[in-house]
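>>> Here's a sequence, model it:
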Amino acid sequence: MARAVLFDIDGTLVDSVDHHARAWQEALAHFGKEVPYRDVRSQIGKGGDQLLPVFLSEDELERFGEELSEYRTGLYQRNYLPVVKVFPEARELLARLKQSGTTIGLASSCQLKCVKPAIASRASTATSVAAAGSAMRISHLSVSNGIDMAASTSAGKKGAYASRRVVT
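Sure thing, here's the model as predicted:
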């Protein structure tokens, strides 16, 4: 059995990808940017810092990008996070890994305040999680170049990071 496993949360452990897309679409509309759902959905997996430049000009990013991102976070927490479902058997998988002594790491491009409640309250894995949220942000995704993930170390060093190429 592996000593440590790193899971992406959204779309792997919890069925939240469409909810994230709807929250971004609503937030963009709130700030006057009507974007088709399919266009927003195709960008999910990126953090807001990478998603917003796809839909906003540099001027718009400067004027209201941060406010839009904060608005989206609140919208997601209020309207979407409460209905996010854990995928079938995700709890059992994480429980088996925890029982075997495997360290579990969680990755998400979403902010920690969106990730932590989804996992802690629905998957019952709070005690087995080595790190979660933005500390585990996927920094780059390119199938041809591999996936680079920034992962928090689990050796009790809060805020320490290690970067590792996971797929080549």
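
>>> contacts, neighbours, all on C-alpha from now
OK.

>>> Give me the below-cutoff pLDDT ranges for this structure.
Residues of the chain that meet the criterion pLDDT under 70 lie in 1, 111-168.

>>> again, 80 this time
Along the chain, segments meeting pLDDT under 80 span 1-2, 106-168.

>>> where do the strands sit along it?
4-8, 14-15, 85-86, 103-107, 138-142, 146-152, 161-167 (DSSP state E).

>>> Now do the buried residues in stretch 42-50.
For stretch 42-50, the buried set under the neighbour-count rule, 16 or more other CA atoms under 10 Å, comprises 43-48.

>>> So what's the residue count around residue 10?
Neighbour count for residue 10, taken as other CA atoms under 10 Å: 24.

>>> can you redo the buried residues of stretch 42-50 as CSV with distance to residue 110?
Shown next, in CSV, are those (distance: CA to CA, whole Å):
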residue, distance to residue 110
43, 13
44, 10
45, 8
46, 8
47, 6
48, 8
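
>>> Select from the residues you listed every entry located in helices.
Among the buried residues of stretch 42-50, the residues falling in helices (DSSP state H) are residue 48.

>>> which one of the buried residues of stretch 42-50 sits closest to residue 109?
residue 47 (4.7 Å; CA to CA).

>>> The closest one - nearest residue in space that isn't next to it in sequence?
In space, and not counting its chain neighbours, residue 47 is closest to residue 109: 4.7 Å by CA to CA, 6 or more residues apart in numbering.

>>> Okay then, goodbye and thanks.
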